[in-house]
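Q: task: produce atomic coordinates for the following.
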Amino acid sequence: QVQLVESGGGLVQPGGSLRLSCVASGRTFSMYSMGWFRQAPGKERAFVAVINWSGGWRNYSDSVKGRFTISRDNAKNTVSLQMNNLKSEDTAVYYCAAGSYSMAVGNGVEYWGKGTLVTVSS
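A: Numbers count the residues shown, from 1 in each chain. Okay, here's the model as predicted:
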């Protein structure tokens, strides 16, 4: 069993930056690929980024590529999402996920966090 707790959400102006973190419980953290998803108001949950167990492989949605960076620290059971040049359309609840690397294509999430709200507005 893995429990995921996100933090770092908040209100930021367009063009600003924010860093989300997700801390995982359990000693098996390094076995999982970790990812971030988001759900904007009135829309379905969508893939944002994924990183494999070693950190050697990363994948991003086209909408965030070049602006967001996912990273992980297996010693601290933490995965982070650095978000730069934020836009109003990035406003959403952001969820941390643990599972397989195939979560990038719609399957393989075994555990979800409860989410943290990011609002991009002037």
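
Q: please make it C-alpha for all contacts and neighbour counts, starting now.
A: Will do.

Q: and K114, how many neighbours?
A: Neighbourhood size, K114 [other C-alpha atoms under 10 Å]: 13.

Q: if I look at it, how far off is Y101?
A: 20 Å (C-alpha to C-alpha, to the nearest Å).

Q: again with I51
A: Relative to Y101, and taking C-alpha to C-alpha, I51 is found at 7 Å.

Q: is the residue nearest the centre of the chain within a helix or a strand, and which one?
A: In the chain, the residue lying closest to the centroid (C-alpha atoms, centre = their mean) is W36, at 2.3 Å. Using DSSP states H and E, W36 sits within strand 33-39.

Q: other SSEs contacting that strand?
A: strand 46-51, strand 92-99 (3 or more C-alpha pairs under 8 Å, 6 or more residues apart in numbering; DSSP states H and E).

Q: tell me the mean pLDDT for that strand?
A: Taken as a whole, strand 33-39 has a mean pLDDT of 97.

Q: quick one, which of I51 and Y101 is more surrounded?
A: I51 (25 against 22).

Q: okay, strands next: where are they in this structure?
A: 4-7, 10-12, 18-24, 33-39, 46-51, 58-60, 68-73, 78-83, 92-99, 109-112, 116-120 (DSSP state E).
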